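> Please work out how this folds:
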Amino acid sequence: MDETKPTERRLAAIMFSDICGYSRRMGENEERALGLLAQHDKMIEAAVAEFGGHIIKRMGDGVLAEFQSAVRSVECALSIQRRIARWNRDAPEPERFQLRIGVHLGDVMVSGEDILGDGVNIASRIEPLALPGGICISQDVFNQVHRKVEMEAVSLGPQQLKNIQRQIEIYRVLTAAVGEVPPVTRVDATTDPRAATTHRWLTLALVGTGVLLLFLVLVTANRTRRHREVRTVHAALEQASGLMQQGQPAEARAVLQASLRQVRPKTPGLDEVRTAMAAAERAETESAVAGRAREFLQALLSKDWNKCVEFMHPDSKMQIGVKGLRGRMQLLGFFGGILAITDKDIEITKVTLAEDLQSATVMQRARVKGQWKEENPQTWRRSDGAWYLFLEQ
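Numbering: from 1, shown residues only. Below is the predicted model of the structure:
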């Protein structure tokens with residue numbers, strides 16, 4: 001007789017979180033990253049306990065937690081993001097961090113102290129859809145919480161999640177909008193009691209009341225739309241700021257551009273959005289220049305002279321010639337070989353863009369015999385949408 005104990009199943013709200021860019025931080029400074037993880041763990045543990053949840057397991061910088069209520073799971077996620085935002089306001093730049101959180105309501109199987117099944121898998125796939133500092137929830141969670149939790153959310157539409165057969169509609173919680181909804185003033189229109197003395201005055205009063213009520217409905221609707229648009233702008237600015245901190249200016253600019261399409265031209269805060277977009281475009285361009293400079297350095301260190309010449313600006317090719325440029329690259333490679341310089345011995349310290357974003361100066365330093373030394377600046381120029389190193393004859 002098979003006496004295998006039947007598998008226990010239950011409905012649970014599953015929260016999955018992950019620190020943005022943690023692997024990169026570990027590579028940069030392991031001790032600091034571990035300290036950051038310890039601070040993260042304290043915040044998660046306190047919030048999950050406060051909202052009646054249970055941490056199932058930790059997976060490096062990821063956390064899987066279970067709640068008996070979808071409402072409590074979302075309230076916990078919001079609380080976590082608020083705690084981290086407060087921490088980041090006071091912490092020095094290297095100690096700041098952001099979290100992505102995904103929440104789903106689904107059936108799970110219990111296996112000892114662990115939980116398994118599609119419910120867990122879906123939550124883990126929802127989490128990467130959240131922006132840094134943000135929260136994404138499934139349609140099942142949204143249906144349970146949208147009238148019970150003070151929040152704003154926008155639908156991302158049905159999403160095909162990895163290894164999940166069916167599409168899941170996902171909602172992005174606008175964390176910046178939480179708690180910012182001002183109360184709408186309700187005005188009760190009443191008629192003058194003296195108007196009841198005659199049928200004529202009563203009719204006029206009723207007509208006047210109807211006009212007033214219509215006016216109030218229109219004013220209230222416009223005010224509600226205005227509040228919604230302001231929240232959209234604030235949420236976009238918050239999310240873009242998080243993306244900029246994570247070194248993702250292109251994604252930040254996309255978020256800001258999307259917000260402009262969702263609001264009217266005179267919405268308060270649009271000047272800040274345009275300023276943030278300009279800063280994101282500048283940072284995106286600086287990143288592109290630095291990336292090209294690193295690629296050129298790799299080609300130089302690997303002594304791929306033809307590849308090096310491909311990075312040269314067309315004007316430099318015209319003035320110096322391909323053969324002359326190849327000779328210069330070989331000379332640089334020769335001295336680099338003598339000094340035993342590797343890619344770990346050269347760092348880009350600064351990229352300075354011209355106002356028109358069409359040229360840039362790249363500052364580098366090199367480590368020679370254990371000592372760091374500033375190198376001569378490089379001039380890069382844009383041509384046909386790409387960046388090229390400009391060398392003078």
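> Over to stretch 115-132 now: how far is its first residue from its last?
26 Å (Cα to Cα, to the nearest Å).
> in that stretch, what counts as buried?
Applying a neighbour-count criterion of 16 or more other Cβ atoms under 10 Å, one finds 115, 117-127, 129-132 buried in stretch 115-132. Heads up, the C-betas are built off the backbone N, CA and C, glycines and all.
> Keep only those of those residues that are in helices.
Judged by DSSP state H, these include 118-126 as members of helices.
> in this protein, which spans are strands?
8-19, 54-59, 62-67, 99-111, 114-116, 135-138, 153-159, 168-173, 346-353, 359-368, 371-374, 378-383, 386-390 (DSSP state E).
> Packing partners of the longest one?
Here strand 99-111 touches strand 8-19, helix 70-90, strand 114-116, helix 118-126, strand 135-138, helix 139-145, going by 3 or more Cβ pairs under 8 Å, 6 or more residues apart in numbering; DSSP states H and E.
> Can you tell me the strand partners of that strand and which way each runs?
Pairing partners of strand 99-111, with direction, according to DSSP bridges: strand 8-19 (antiparallel), strand 114-116 (antiparallel), strand 135-138 (parallel).
> Deepest-packed of the helices and strands packed on strand 99-111, please.
Across the helices and strands packed on strand 99-111, averaging neighbours per residue (mean count of other Cβ atoms under 10 Å) puts strand 135-138 on top, at a mean of 29.
> For it, what is the distance to the chain centroid?
Taking Cα atoms, centre = their mean, to the nearest Å, one finds strand 135-138 lying 14 Å from the centre of the chain it belongs to.
> Make sure residue 36 is actually in contact with residue 98.
No - applying Cβ atoms under 8 Å, one finds residue 36 not in contact with residue 98, separated by 10.9 Å.
> shared neighbours of these two, which are they?
residue 19 (Cβ atoms under 8 Å, 6 or more residues apart in numbering).
> thought residue 132 was touching residue 243?
Yes - judged on Cβ under 8 Å, residue 132 makes contact with residue 243 at a distance of 5.9 Å.
> Need the pLDDT of residue 175.
Listed pLDDT for residue 175 reads 65.
> from what I can see residue 77 touches residue 101, true?
Yes - between residue 77 and residue 101 there is a contact under Cβ under 8 Å: 4.6 Å.
> who touches both of those two?
Common neighbours of residue 77 and residue 101 (Cβ under 8 Å, 6+ apart) are 15, 17, 135.
> which residues does the last one contact?
Read it as residue 135. Applying Cβ under 8 Å, 6+ apart, we find residue 135 in contact with 74, 77-78, 81, 101-103, 172-173, 175.
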